[in-house]
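> requesting a structural model of the entry that follows:
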Amino acid sequence: MTDEDTADDLDPIIDDIQQAIIDLEEDKTGELTQEALDKDLNPLVILQEGLTEGVRTVGDKFGRGEVFLPELAMSADCMRSGVELVEPLLDEMDLADEDTAGKVIMGTVDEDIHNIGKNILITMLKANGFDVVDLGVEIPNEDFVQAVKDEEPDILGMSALMTMTMDHQEEVIELLEEEGVRDDIKVMVGGAPTSEEWRDEIGADGYADNADAAVEEATDLLAE
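I've put the predicted structure just below:
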(Lines give C-alpha, C1' and ligand atoms only; values in the text may rest on other atoms or scores of the structure.)
Protein backbone atom coordinates (compact mmCIF):
# COMPACT_ATOMS: atom_id res chain seq x y z
CA MET A 1 0.00 0.00 0.00
CA THR A 2 1.23 3.46 -0.72
CA ASP A 3 1.58 5.92 2.15
CA GLU A 4 1.09 8.90 -0.13
CA ASP A 5 -2.42 9.83 0.92
CA THR A 6 -2.28 13.04 -1.05
CA ALA A 7 -1.76 11.15 -4.26
CA ASP A 8 -4.64 8.87 -3.36
CA ASP A 9 -6.90 11.85 -2.70
CA LEU A 10 -6.22 13.17 -6.18
CA ASP A 11 -6.95 9.92 -7.97
CA PRO A 12 -10.10 10.42 -10.07
CA ILE A 13 -11.47 7.03 -9.03
CA ILE A 14 -12.12 8.39 -5.52
CA ASP A 15 -14.52 10.93 -7.02
CA ASP A 16 -16.03 8.16 -9.14
CA ILE A 17 -16.75 6.12 -6.00
CA GLN A 18 -18.44 9.12 -4.41
CA GLN A 19 -20.55 9.68 -7.49
CA ALA A 20 -21.58 6.02 -7.73
CA ILE A 21 -23.01 6.26 -4.22
CA ILE A 22 -24.71 9.57 -4.97
CA ASP A 23 -26.22 7.93 -8.06
CA LEU A 24 -27.28 4.94 -5.90
CA GLU A 25 -25.38 2.45 -8.07
CA GLU A 26 -24.52 -0.39 -5.70
CA ASP A 27 -22.78 -2.72 -8.17
CA LYS A 28 -20.75 0.12 -9.64
CA THR A 29 -19.65 1.22 -6.16
CA GLY A 30 -18.27 -2.24 -5.46
CA GLU A 31 -16.59 -2.46 -8.85
CA LEU A 32 -14.92 0.93 -8.48
CA THR A 33 -13.79 0.13 -4.95
CA GLN A 34 -12.15 -3.06 -6.17
CA GLU A 35 -10.55 -1.14 -9.02
CA ALA A 36 -9.15 1.38 -6.52
CA LEU A 37 -7.73 -1.44 -4.41
CA ASP A 38 -6.23 -3.04 -7.51
CA LYS A 39 -4.49 0.29 -8.14
CA ASP A 40 -2.96 -0.05 -4.66
CA LEU A 41 -4.70 3.00 -3.24
CA ASN A 42 -4.79 3.35 0.53
CA PRO A 43 -7.97 1.59 1.78
CA LEU A 44 -8.43 4.20 4.51
CA VAL A 45 -8.48 6.95 1.88
CA ILE A 46 -10.96 4.93 -0.18
CA LEU A 47 -13.18 4.65 2.89
CA GLN A 48 -12.90 8.24 4.10
CA GLU A 49 -12.71 10.21 0.87
CA GLY A 50 -14.76 7.95 -1.39
CA LEU A 51 -17.31 5.81 0.42
CA THR A 52 -17.95 7.98 3.47
CA GLU A 53 -18.07 11.23 1.50
CA GLY A 54 -20.55 9.72 -0.94
CA VAL A 55 -22.92 8.70 1.84
CA ARG A 56 -22.43 12.04 3.57
CA THR A 57 -23.50 13.85 0.40
CA VAL A 58 -26.68 11.78 0.21
CA GLY A 59 -27.24 12.41 3.91
CA ASP A 60 -26.95 16.15 3.33
CA LYS A 61 -29.52 15.89 0.54
CA PHE A 62 -31.79 13.98 2.90
CA GLY A 63 -31.44 16.75 5.47
CA ARG A 64 -32.47 19.32 2.86
CA GLY A 65 -35.46 17.25 1.78
CA GLU A 66 -34.02 16.60 -1.68
CA VAL A 67 -34.08 12.81 -1.24
CA PHE A 68 -36.04 10.58 1.11
CA LEU A 69 -35.46 7.62 3.41
CA PRO A 70 -35.46 4.94 0.66
CA GLU A 71 -32.64 6.77 -1.14
CA LEU A 72 -30.75 7.17 2.12
CA ALA A 73 -31.04 3.44 2.76
CA MET A 74 -29.92 2.67 -0.81
CA SER A 75 -26.84 4.83 -0.35
CA ALA A 76 -25.98 2.80 2.75
CA ASP A 77 -26.25 -0.39 0.70
CA CYS A 78 -23.93 1.13 -1.88
CA MET A 79 -21.39 2.02 0.77
CA ARG A 80 -21.63 -1.44 2.27
CA SER A 81 -20.66 -3.00 -1.06
CA GLY A 82 -17.41 -1.06 -0.87
CA VAL A 83 -16.81 -1.41 2.85
CA GLU A 84 -16.95 -5.19 2.55
CA LEU A 85 -13.94 -4.97 0.26
CA VAL A 86 -11.82 -2.49 2.22
CA GLU A 87 -12.60 -3.65 5.76
CA PRO A 88 -10.40 -6.78 5.69
CA LEU A 89 -7.47 -4.63 4.59
CA LEU A 90 -8.20 -2.01 7.24
CA ASP A 91 -8.11 -4.75 9.87
CA GLU A 92 -4.56 -5.53 8.78
CA MET A 93 -3.39 -1.94 9.06
CA ASP A 94 -1.76 -0.68 12.25
CA LEU A 95 -3.33 2.77 12.36
CA ALA A 96 -3.64 3.41 16.06
CA ASP A 97 -1.34 4.04 18.97
CA GLU A 98 -1.78 1.22 21.47
CA ASP A 99 -1.90 3.80 24.27
CA THR A 100 -5.01 5.49 22.84
CA ALA A 101 -7.04 2.67 21.27
CA GLY A 102 -9.69 1.23 23.60
CA LYS A 103 -12.97 -0.62 23.75
CA VAL A 104 -16.17 1.04 22.51
CA ILE A 105 -19.80 -0.06 22.72
CA MET A 106 -21.97 1.40 19.96
CA GLY A 107 -25.71 1.31 19.43
CA THR A 108 -28.69 3.23 18.10
CA VAL A 109 -31.16 4.20 20.83
CA ASP A 110 -34.59 2.67 21.43
CA GLU A 111 -37.32 3.33 18.84
CA ASP A 112 -34.72 4.38 16.26
CA ILE A 113 -33.91 2.03 13.37
CA HIS A 114 -31.27 4.16 11.66
CA ASN A 115 -27.80 2.68 11.43
CA ILE A 116 -25.95 4.41 8.60
CA GLY A 117 -23.96 6.85 10.72
CA LYS A 118 -23.36 4.24 13.40
CA ASN A 119 -22.01 1.73 10.91
CA ILE A 120 -19.72 4.28 9.28
CA LEU A 121 -18.29 5.21 12.66
CA ILE A 122 -17.81 1.58 13.67
CA THR A 123 -15.81 0.95 10.52
CA MET A 124 -13.68 4.02 11.19
CA LEU A 125 -13.10 3.11 14.83
CA LYS A 126 -12.01 -0.41 13.89
CA ALA A 127 -9.71 1.02 11.24
CA ASN A 128 -8.06 3.10 13.96
CA GLY A 129 -7.46 0.18 16.28
CA PHE A 130 -10.50 0.32 18.56
CA ASP A 131 -12.25 -2.82 19.74
CA VAL A 132 -15.92 -2.19 18.95
CA VAL A 133 -19.03 -4.01 20.18
CA ASP A 134 -22.03 -3.22 17.96
CA LEU A 135 -25.31 -3.59 19.85
CA GLY A 136 -27.37 -2.78 16.76
CA VAL A 137 -30.46 -0.57 16.55
CA GLU A 138 -33.52 0.08 18.73
CA ILE A 139 -31.55 -0.71 21.89
CA PRO A 140 -33.58 -0.33 25.11
CA ASN A 141 -32.05 1.90 27.76
CA GLU A 142 -31.56 -1.02 30.13
CA ASP A 143 -29.66 -3.00 27.49
CA PHE A 144 -27.11 -0.22 27.08
CA VAL A 145 -26.49 -0.26 30.82
CA GLN A 146 -26.27 -4.05 30.97
CA ALA A 147 -23.80 -4.04 28.09
CA VAL A 148 -21.62 -1.55 29.97
CA LYS A 149 -21.63 -3.87 32.98
CA ASP A 150 -20.90 -6.96 30.89
CA GLU A 151 -18.35 -5.56 28.45
CA GLU A 152 -16.63 -2.96 30.67
CA PRO A 153 -15.86 -0.60 27.76
CA ASP A 154 -13.89 2.61 27.83
CA ILE A 155 -16.55 4.44 25.82
CA LEU A 156 -20.28 4.08 25.25
CA GLY A 157 -21.48 5.63 22.00
CA MET A 158 -25.17 6.26 21.33
CA SER A 159 -26.65 7.33 18.00
CA ALA A 160 -30.05 8.97 17.47
CA LEU A 161 -31.28 10.28 14.13
CA MET A 162 -34.65 11.66 15.22
CA THR A 163 -35.62 14.35 17.71
CA MET A 164 -38.28 12.02 19.08
CA THR A 165 -35.65 9.43 20.05
CA MET A 166 -32.72 11.56 21.20
CA ASP A 167 -34.12 11.81 24.75
CA HIS A 168 -33.15 8.17 25.20
CA GLN A 169 -29.52 9.28 25.26
CA GLU A 170 -30.22 11.34 28.36
CA GLU A 171 -32.24 8.52 29.91
CA VAL A 172 -29.38 6.07 29.47
CA ILE A 173 -26.95 8.45 31.15
CA GLU A 174 -29.35 8.86 34.07
CA LEU A 175 -29.70 5.08 34.33
CA LEU A 176 -25.92 4.65 34.27
CA GLU A 177 -25.76 7.03 37.22
CA GLU A 178 -28.49 5.16 39.09
CA GLU A 179 -26.65 1.87 38.57
CA GLY A 180 -23.37 3.35 39.78
CA VAL A 181 -21.39 2.81 36.57
CA ARG A 182 -21.47 6.28 35.01
CA ASP A 183 -18.05 7.24 36.32
CA ASP A 184 -16.47 4.09 34.87
CA ILE A 185 -16.85 5.17 31.23
CA LYS A 186 -16.93 8.05 28.81
CA VAL A 187 -20.23 8.62 26.98
CA MET A 188 -20.37 9.94 23.43
CA VAL A 189 -23.53 10.98 21.59
CA GLY A 190 -24.18 11.65 17.93
CA GLY A 191 -26.82 11.83 15.24
CA ALA A 192 -28.53 14.51 13.19
CA PRO A 193 -30.50 16.23 16.00
CA THR A 194 -27.65 16.21 18.53
CA SER A 195 -25.13 18.97 19.16
CA GLU A 196 -22.46 20.20 21.55
CA GLU A 197 -25.21 21.98 23.47
CA TRP A 198 -27.15 18.71 23.76
CA ARG A 199 -24.00 16.94 24.96
CA ASP A 200 -23.58 19.50 27.73
CA GLU A 201 -27.28 19.51 28.62
CA ILE A 202 -27.47 15.75 29.21
CA GLY A 203 -24.04 15.37 30.79
CA ALA A 204 -22.33 13.37 28.06
CA ASP A 205 -18.57 13.52 27.63
CA GLY A 206 -18.23 13.69 23.87
CA TYR A 207 -20.02 14.67 20.67
CA ALA A 208 -19.08 14.70 17.01
CA ASP A 209 -21.01 15.51 13.85
CA ASN A 210 -19.13 13.11 11.57
CA ALA A 211 -17.15 9.88 11.76
CA ASP A 212 -13.71 11.45 11.35
CA ALA A 213 -14.34 13.88 14.19
CA ALA A 214 -15.80 11.09 16.33
CA VAL A 215 -12.63 9.03 16.05
CA GLU A 216 -10.59 12.05 17.12
CA GLU A 217 -13.00 12.72 19.98
CA ALA A 218 -12.82 9.12 21.18
CA THR A 219 -9.03 9.21 21.09
CA ASP A 220 -8.95 12.49 23.00
CA LEU A 221 -11.39 11.23 25.64
CA LEU A 222 -9.24 8.20 26.36
CA ALA A 223 -6.14 10.36 26.62
CA GLU A 224 -7.65 12.44 29.44
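
> what about the residue lying closest to Asp205 once chain neighbours are set aside, neighbour count?
Of all residues not flanking Asp205 in the chain, Lys186 sits nearest, at 4.3 Å (Cβ to Cβ, 6 or more residues apart in numbering). All C-beta atoms are positioned from the backbone trio N, CA, C, and that covers glycine. Number of residues near Lys186 (other Cβ atoms under 10 Å) recorded here: 20.

> swap in Leu85?
What Leu85 shows, counting by other Cβ under 10 Å, is a neighbour count of 20.

> what's the distance between the closest residue to it other than its chain neighbours and Gln18?
The shortest distance from Leu85 to any non-neighbouring residue, by Cβ to Cβ, 6+ apart, is to Thr33 (4.9 Å). Shown here: Thr33 relative to Gln18, a distance of 11 Å by Cβ to Cβ, to the nearest Å.

> also Lys149?
From Lys149 to Gln18 the distance is 41 Å (Cβ to Cβ).

> who has more neighbours, those two?
Gln18 (22 against 12).

> what's near enough to touch that one?
Applying Cβ atoms under 8 Å, 6 or more residues apart in numbering to Gln18 gives the contacts 49-50, 53-54, 57.

> Asn115: which of these is nearest?
Checking the contacts of Gln18 against Asn115 with Cβ to Cβ, the nearest one is Gly54 at 16.8 Å.

> ok, then the element right after whichever strand or helix holds that closest one?
When elements are assigned from DSSP states H and E, Gly54 belongs to helix 53-63. Using DSSP H and E, the helix or strand that follows helix 53-63 towards the C-terminus is helix 69-92.

> who's in contact with that next one?
Residues contacting helix 69-92 (Cβ under 8 Å, 6+ apart): 1, 17, 20-22, 24-27, 29-30, 32-34, 37, 43-44, 46-47, 50-52, 54-55, 58-59, 61-62, 115-116, 119-120, 123, 126-127.

> give me the common contacts of Thr33 and Gln18.
Joint contacts of Thr33 and Gln18 (Cβ under 8 Å, 6+ apart) are Gly50.

> as JSON lines, the contacts of Gln18 with neighbour count, distance to Leu69 and pLDDT would be great.
Converted to JSON lines, the contacts of Gln18 look like this (neighbours: other Cβ atoms under 10 Å; distance: Cβ to Cβ, whole Å; pLDDT from 0 to 100):
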{"residue": "Glu49", "neighbour count": "21", "distance to Leu69": "26", "pLDDT": "91"}
{"residue": "Gly50", "neighbour count": "30", "distance to Leu69": "23", "pLDDT": "94"}
{"residue": "Glu53", "neighbour count": "16", "distance to Leu69": "20", "pLDDT": "89"}
{"residue": "Gly54", "neighbour count": "26", "distance to Leu69": "17", "pLDDT": "92"}
{"residue": "Thr57", "neighbour count": "15", "distance to Leu69": "16", "pLDDT": "90"}
